[in-house]
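Participant: Just need the structure, nothing else, for what follows:
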Amino acid sequence: MQKNSILYNRRDFLKTGASAAAGLLIVPRHILGGAGFVAPSDRINLGYIGVGKQAHTLLKNMGKVEETIVLAACDVDKKKLAHFVGLATQVNTAKVGHQVEGYNDYRELLARPDIDAVVVATPDHWHALNVIDAAKNGKDIYCEKPLALTIDEGRAMVNAVKKYKRVLQTGSMQRSQYNFRRAAELVRNGYIGEIKEINVAVGEPVKQCDLPTMPTPDYLDWDRWIGPSLYRGYHPTLSPPLEDNKWAWWRGYHGFGGGYITDWGAHMFDIVQWALGMDDSGPVAFVPPEQPDAINGLYFTYANGIQVNHKPWGKHNAIQFVGREGKIEVSRQFLHVEPEGLMNGELKTSDRQLYRSENHYQDWIDAIKKRSKPIAHVEIGHRTATVCNAVNIAYELQQPLKWNPRKEEFDNPYANRLKSRPYRKGWNYMDF
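Facilitator: Coordinates of the predicted model:
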C-alpha cells in the first residue's frame, strides 16, 4: 500500500468516525476543546528534516500556525538534533503537548504514516533527495530556498511533486511581504511605464571549495552530511558546531551551495520573475562580464528585451526597477517609489491582482487543506532557482549563453552538462 494511501485512509477514518458519532450526539468543537481548539483530524503533523539555524526560525514561525504540531525531527548532528527536539517539544507543549522524536536518517522519519508534511531545511545539496523522497512517501513539503542545487534536480522535483499530487511551498517568504508584493504589482501593471532596466544587488557567485580538512567531531555523521555530493573532508565552516550560532557557509561552495547568487539571489531574482510575470518561464540569454575574475557585472535578458543587471547599485540585497515613467527600489527594509503618489494609491479594478499572502507558513497549511497551489509553489521555486543556477554557470564558463526556458536547454553543450551533477554511489534522485 502506498504511504499516501495510508495518510488518506487515516484521515478518512477520522472523518467517518466523526460522522457516525454525530448521529448519536452533536457537540460543537468549541465546547469540546475551548477557544482555539483544533480537532486532531484537522491537525497537520510535521517532521523537520535538517535542524540547523534556519530550522529554528521556521519552528518559531510555523509553530504560530495553530493547526501544526511537530512529531519528529532529523539531523546528522546529534547536538543540533537534541537541541531542536527540546525546542520543538516546548512549542508542542504550548498547544496540546507532544514529545518530539529524533532521527539520524530522514528516510525513517518519512516512513512514519502519522506525519502529514515535512519542513526541509537541509543544505542545498540534499534538497532534491529530501523533496522527491517526501513526495513518494505521501508528504506535503515546505522546502527552503533555493529549491534546487542544479537545474535538472529542480525539474525532477517538480515532476515528483506533480506525480504524487503533493503541495510544496518554497521558502521564498518575500512573496508574503507587503513591500515586494506592492513593488511587483506596480511593475506588472505598468505604473512606472515600460521597464528600461532592473538592477539586482546581491553578493558573489559560487566558487570551488578550498577549505582544509579538519578532524570530524564525534557527534557529527560527516559521511551522511556529504550524502549524494562528491566527498571532501570536514571543516567547521561547512557545518559549524551548535555553540557557534553562525550561518554555515556551505552556501558558498560548489557541490553544496551556489554562493550569494542562490543564497540571496533566490530571494531577489524571485521578485523580478514575479514582477515580470515569468513564474512559468525565464530569461533567454545570460551575458557575463569580460573580466575572468569578476564577481558582478553579469546581465540577463528576457524575450521582451528587458535586461536585469547583477551589480551593486547603492543598496545591498535590494532591487531597483527603472521605468520610463518612474522608479521602484525595494528590499526587506524599504520601499521607495517614484513618483511618490504611487506608494499608497489603490490599484484599479482592471489591474492584475497578484496572489495575496500575509503569512507564508499559514499559506502553506491552508493550501494543504484545500489541495491547492501556495504562493511559491514548486514550479515557481524551480524557475527562480534555474535563473540563479544559470547565472552561476555563465560566470563559471565566462561566455554568453542562450537559454530556452521552454526546453530548459542552453545553446552550449558544456553549459548543458552543468545543469546536473555527479552523485555518489548509493544515491539517486531520479528514482521515482
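Participant: what about the closest residue to residue 42 other than its chain neighbours, neighbour count?
Facilitator: Spatial nearest neighbour of residue 42, chain neighbours left out: residue 67 (6.0 Å); criterion: CB to CB, 6 or more residues apart in numbering. Using the backbone N, CA and C atoms, a C-beta is placed for each residue, glycine as well. For residue 67, the neighbour count with other CB atoms under 10 Å is 16.
Participant: residues contacting residue 67?
Facilitator: Residues near residue 67 by CB atoms under 8 Å, 6 or more residues apart in numbering: 38, 42, 43, 44, 365, 369.
Participant: Read off the pLDDT value for residue 341.
Facilitator: Note for residue 341: predicted pLDDT of 87.
Participant: Can you tell me how far it is from residue 325?
Facilitator: Remark: distance between residue 341 and residue 325 (CB to CB, to the nearest Å) = 12 Å.
Participant: Over to residue 136?
Facilitator: Residue 136 is 50 Å from residue 325, by CB to CB.
Participant: Looking at those two, which is more packed in?
Facilitator: Shown here are residue 136 and residue 325; by other CB under 10 Å, residue 136 has more neighbours (18 against 12).
Participant: Quick check: phi and psi on residue 186?
Facilitator: phi -70, psi -40 (degrees, to the nearest 10).
Participant: Let me see the ranges of the helices in the stretch 151-300 of the chain.
Facilitator: If DSSP state H, counting those that start in this stretch is used as the criterion, the helices of the stretch 151-300 of the chain fall at 151-163, 178-188, 222-226, 259-263, 265-275.
Participant: Show me the one of those helices that comes nearest residue 376.
Facilitator: helix 265-275 (7.7 Å; CB to CB).
Participant: Show me what the closest one is packed up against.
Facilitator: On a contact count with 3 or more CB pairs under 8 Å, 6 or more residues apart in numbering; DSSP states H and E, helix 265-275 meets helix 178-188, strand 195-201, strand 307-310, strand 318-323, helix 378-397.
Participant: rerun at 6 Å
Facilitator: helix 178-188, helix 378-397 (3 or more CB pairs under 6 Å, 6 or more residues apart in numbering; DSSP states H and E).
Participant: re the thing from before, would you mind measuring from the residue nearest to residue 42 to residue 116?
Facilitator: Using CB to CB, residue 67 is found at 10 Å from residue 116.
Participant: re the thing from before, turn the helices of the stretch 151-300 of the chain into a markdown table, columns for mean neighbour count and mean pLDDT.
Facilitator: Formatted as a markdown table, these follow (neighbours: other CB atoms under 10 Å; pLDDT from 0 to 100):
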| stretch | mean neighbour count | mean pLDDT |
| --- | --- | --- |
| helix 151-163 | 21 | 98 |
| helix 178-188 | 21 | 97 |
| helix 222-226 | 17 | 98 |
| helix 259-263 | 25 | 98 |
| helix 265-275 | 26 | 98 |
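Participant: Need the ones you listed in TSV (columns: distance to residue 306).
Facilitator: Converted to TSV, the helices of the stretch 151-300 of the chain look like this (distance: least, CB to CB, whole Å):
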stretch	distance to residue 306
helix 151-163	21
helix 178-188	10
helix 222-226	40
helix 259-263	19
helix 265-275	9
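Participant: Which among those helices is found nearest to residue 289?
Facilitator: Using CB to CB, the nearest of these to residue 289 is helix 259-263, at 13.9 Å.
Participant: picking up where we left off before, hey, what's in contact with both of residue 67 and residue 116?
Facilitator: residue 44 (CB atoms under 6 Å, 6 or more residues apart in numbering).
Participant: I'd like to know how far residue 54 sits from residue 270.
Facilitator: Noted for residue 54: a distance of 17 Å to residue 270, by CB to CB.
Participant: related to what we said a few turns ago, among the helices of the stretch 151-300 of the chain, which is nearest residue 252?
Facilitator: Using CB to CB, those put helix 259-263 closest to residue 252, at 5.4 Å.
Participant: Dump the C-alpha coordinates for the closest one into PDB.
Facilitator: Extracted as PDB, the C-alpha positions of helix 259-263 are listed here (Å, rounded to 0.1, in the frame of the first residue of the first chain):
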ATOM      1  CA  GLY A 259      27.200  31.400  -3.300                       C
ATOM      2  CA  TYR A 260      25.200  34.600  -2.700                       C
ATOM      3  CA  ILE A 261      23.800  34.100  -6.200                       C
ATOM      4  CA  THR A 262      21.500  31.400  -4.800                       C
ATOM      5  CA  ASP A 263      21.500  32.400  -1.200                       C
END
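Participant: Work out the gap between that helix and the centre of the chain.
Facilitator: Its chain's C-alpha centre and that of helix 259-263 lie 13 Å apart, by CA atoms, centre = their mean, to the nearest Å.
Participant: For that helix, which helices and strands make contact with it?
Facilitator: Counting contacts by 3+ CB pairs under 6 Å, 6+ apart, helix 259-263 is packed against helix 378-397.
Participant: Let me see the mean pLDDT of whatever helix or strand comes next after the helix it packs on.
Facilitator: For helix 378-397, the succeeding helix or strand toward the C-terminus, using DSSP states H and E, is strand 401-404. Per-region confidence: strand 401-404 scores 98 on mean pLDDT.
Participant: So residue 255 versus residue 303, what's the distance?
Facilitator: When CB to CB is the yardstick, residue 255 and residue 303 sit 32 Å from each other.
Participant: These two - which one has more neighbours?
Facilitator: Shown here are residue 255 and residue 303; by other CB under 10 Å, residue 255 has more neighbours (20 against 12).
Participant: re the thing from before, going by distance to residue 336, which of the contacts of residue 67 wins?
Facilitator: Nearest to residue 336 out of these is residue 365 (CB to CB; 33.3 Å).
Participant: tally of neighbours for the closest one?
Facilitator: When neighbours are counted by other CB under 10 Å, residue 365 registers 23.
Participant: next one: residue 264
Facilitator: Neighbours of residue 264 (other CB under 10 Å): 20.
Participant: From residue 188, how far off is it?
Facilitator: For residue 264, the distance to residue 188 (CB to CB) stands at 22 Å.
Participant: Equivalent analysis for residue 97, please.
Facilitator: Separation of residue 97 from residue 188 (CB to CB): 46 Å.
Participant: Equivalent analysis for residue 323, please.
Facilitator: As judged by CB to CB, residue 323 and residue 188 stand 12 Å apart.
Participant: hang on, the earlier thing: quick one: closest of the helices and strands packed on helix 265-275 to residue 196.
Facilitator: Distance to residue 196, taken as CB to CB, is lowest for helix 178-188 among the helices and strands packed on helix 265-275, at 11.9 Å.
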